[in-house]
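Peer 1: following is a predicted model, sequence given first.
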Amino acid sequence: MAIDRLSASILLSIKQDTITREPDMKNSYCMNCHSPHLKRFIDLGNQPNGNIFPSLNVLDSEQMFSCVMLVCTQCWQVQLENFPPVDTMFTNHPYITGLNQPVVSHFEKLVDDIVQKFAIPPNSLVLDIGANDGTLLSKFRDRGMRVLGIDPCKRTGQLARYAGMTVFEAFWNRQSAEAMKQLGFYPDLITATAVFYHLEDIHSFVQGLEVIMRENTIFCTQCVYLKDLIDKVQFDHFYHEHTMIHAISPLRNLFSEYGLRLLDVDFYPIHGGSFVLYVVREESHFPTTRKIDDAITEEKRAGLERLQTYLDFSKRVEKNKQALMSFLTQIKSAGKRVFGMGAPLKGSTLLNYYGIGPDIVECLTEINQYKIGRYTPGTHIPIVSENAIDEQPDYYLLLSWSFLDFFIEKYADYLNTGGKFIIPHPTVNVIGKDGQSQ
């Protein structure tokens, strides 16, 4: 798709209109319904920015921010109490989608599912919000679609542009949507995977959708699912980038406020359990499926609209912490070596909250060049290339636990010759030969 220089310069100059918040500013109201009825349910202590991997000379100058999760007892939205300005978290983001093979494979399936579900024809315009390195867009492009991305990160946007895609360096909000509308861009499909819960102002995001969506435009968002998180004790999904964690029910009210309607929902195992939600304008000819009401019924049955569910969750996290630390202490006392596998952002939450440092886990192995040679945020465990390991440890603490099946296959020889994976939660589990629990 041809983008003239004027159009590009206009969109590249967009700045998010809500980044004036001072660091560690408190959320006194629900980000969804604006209710003041917020209840704390877990305090993960002071945490660093989990996506800033310090070098040796700056280990003592890291900023720390409180990490407390709240639930709104009016609409049951879960959100972070305090968070740094979003521009500091996303403009130099180190995550590269294309390096994560399970996610790449998932995107292949997701794109096939979307195209088939809605019979999206070739030459349709697809806009990806939070486009990262363009991996998702490339899958649509392979199917004959015109593609366009928007993402505030300089590094990943450049990777997408190297791959021949137009990705505007900006946050998505009402302001950027208005600029896109003025330039005559009206997407047929808008995607936002692992982005819709990274927001400081979710209303501005949805207002942007309302501005740019036409009668039969489809908005598709993939999010970590709160129900899975609670069921599986996945507390390490709580970190500063995840300003909110979503269930379906609170989102129905949010979208309806702007004339948008939940259309359909699918569930995928990616990231430990995610939903893919489809949204259209109220007047769209697409009918809402029964799966929306069914999902909301299941959420109520699971207790997502009861405060006690969240308080009990916090107790389960503490029980898990005691069990994992006891096991790690035991095997270290027996002279066993423990490395960590992967340095994902959720790993930073777990390491910092549990107090796991290099005295317990010697190093983390990675394939991401932007993390290798640096140290884990806060806990300062060295990060090394997985290809640089000369002698395998007795155990790997699997911080990238959401891709367990992938690592079992990749490390089959290691496991079958006596190596073991430690899975941190929902209960501590050790995986050995043939990928079986020990």
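Peer 2: Done, it's in. Numbering: from 1, shown residues only.
Peer 1: residue 295 contacts residue 262, correct?
Peer 2: No: contact criterion Cβ atoms under 8 Å: residue 295 and residue 262 do not qualify, at 9.2 Å. Every C-beta, even on glycine, is put in place using the N, C-alpha and C of the backbone.
Peer 1: what do those two both touch?
Peer 2: residue 248 (Cβ atoms under 8 Å, 6 or more residues apart in numbering).
Peer 1: for this structure, which segments count as helices?
Peer 2: Along the chain, the segments classed as helices by DSSP state H run 5-12, 86-90, 101-118, 135-141, 154-162, 174-182, 202-212, 226-231, 248-256, 290-301, 307-333, 345-354, 404-410, 412-416.
Peer 1: with distance to residue 436 added, can I get those helices in JSON lines?
Peer 2: Listed next are the helices of the chain as JSON lines, based on distance: least, Cβ to Cβ, whole Å:
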{"stretch": "helix 5-12", "distance to residue 436": "52"}
{"stretch": "helix 86-90", "distance to residue 436": "39"}
{"stretch": "helix 101-118", "distance to residue 436": "21"}
{"stretch": "helix 135-141", "distance to residue 436": "32"}
{"stretch": "helix 154-162", "distance to residue 436": "38"}
{"stretch": "helix 174-182", "distance to residue 436": "49"}
{"stretch": "helix 202-212", "distance to residue 436": "42"}
{"stretch": "helix 226-231", "distance to residue 436": "23"}
{"stretch": "helix 248-256", "distance to residue 436": "35"}
{"stretch": "helix 290-301", "distance to residue 436": "31"}
{"stretch": "helix 307-333", "distance to residue 436": "18"}
{"stretch": "helix 345-354", "distance to residue 436": "24"}
{"stretch": "helix 404-410", "distance to residue 436": "10"}
{"stretch": "helix 412-416", "distance to residue 436": "9"}
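Peer 1: would JSON lines of these with mean neighbour count and mean pLDDT be doable?
Peer 2: Formatted as JSON lines, these follow (neighbours: other Cβ atoms under 10 Å; pLDDT from 0 to 100):
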{"stretch": "helix 5-12", "mean neighbour count": "13", "mean pLDDT": "47"}
{"stretch": "helix 86-90", "mean neighbour count": "20", "mean pLDDT": "67"}
{"stretch": "helix 101-118", "mean neighbour count": "17", "mean pLDDT": "96"}
{"stretch": "helix 135-141", "mean neighbour count": "23", "mean pLDDT": "96"}
{"stretch": "helix 154-162", "mean neighbour count": "18", "mean pLDDT": "85"}
{"stretch": "helix 174-182", "mean neighbour count": "19", "mean pLDDT": "93"}
{"stretch": "helix 202-212", "mean neighbour count": "20", "mean pLDDT": "97"}
{"stretch": "helix 226-231", "mean neighbour count": "21", "mean pLDDT": "98"}
{"stretch": "helix 248-256", "mean neighbour count": "20", "mean pLDDT": "97"}
{"stretch": "helix 290-301", "mean neighbour count": "15", "mean pLDDT": "98"}
{"stretch": "helix 307-333", "mean neighbour count": "15", "mean pLDDT": "98"}
{"stretch": "helix 345-354", "mean neighbour count": "24", "mean pLDDT": "96"}
{"stretch": "helix 404-410", "mean neighbour count": "15", "mean pLDDT": "96"}
{"stretch": "helix 412-416", "mean neighbour count": "15", "mean pLDDT": "97"}
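Peer 1: which among the ones you listed is found nearest to residue 51?
Peer 2: Counting by Cβ to Cβ, residue 51 lies closest to helix 345-354 out of these; the figure is 5.7 Å.
Peer 1: helices or strands up against the closest one?
Peer 2: strand 38-48, helix 307-333 (3 or more Cβ pairs under 8 Å, 6 or more residues apart in numbering; DSSP states H and E).
Peer 1: for it, the distance to its chain's centre please.
Peer 2: 15 Å (Cα atoms, centre = their mean, to the nearest Å).
Peer 1: quick one, that helix and strand 38-48 angle?
Peer 2: Interaxial angle, helix 345-354 versus strand 38-48 (axes from the mean of the first three to the mean of the last three Cα atoms, to 10 degrees): 90 degrees.
Peer 1: so who does the closest residue to residue 44 other than its chain neighbours touch?
Peer 2: Using Cβ to Cβ, 6 or more residues apart in numbering and skipping residues adjacent in sequence, the residue nearest residue 44 is residue 67, 4.1 Å away. Residue 67 makes contacts with 43, 44, 45, 46, 47, 80, 82, 238, 239, 240, 349, as judged by Cβ under 8 Å, 6+ apart.
Peer 1: what number of residues lie near the closest residue in space to the fourth one that isn't next to it in sequence?
Peer 2: With sequence-adjacent residues excluded and distances taken as Cβ to Cβ, 6+ apart, residue 46 is closest to residue 64, at 4.1 Å. By other Cβ atoms under 10 Å, the residues close to residue 64 number 14.
Peer 1: check contacts around residue 283.
Peer 2: So residue 283 contacts residue 215 (Cβ under 8 Å, 6+ apart).
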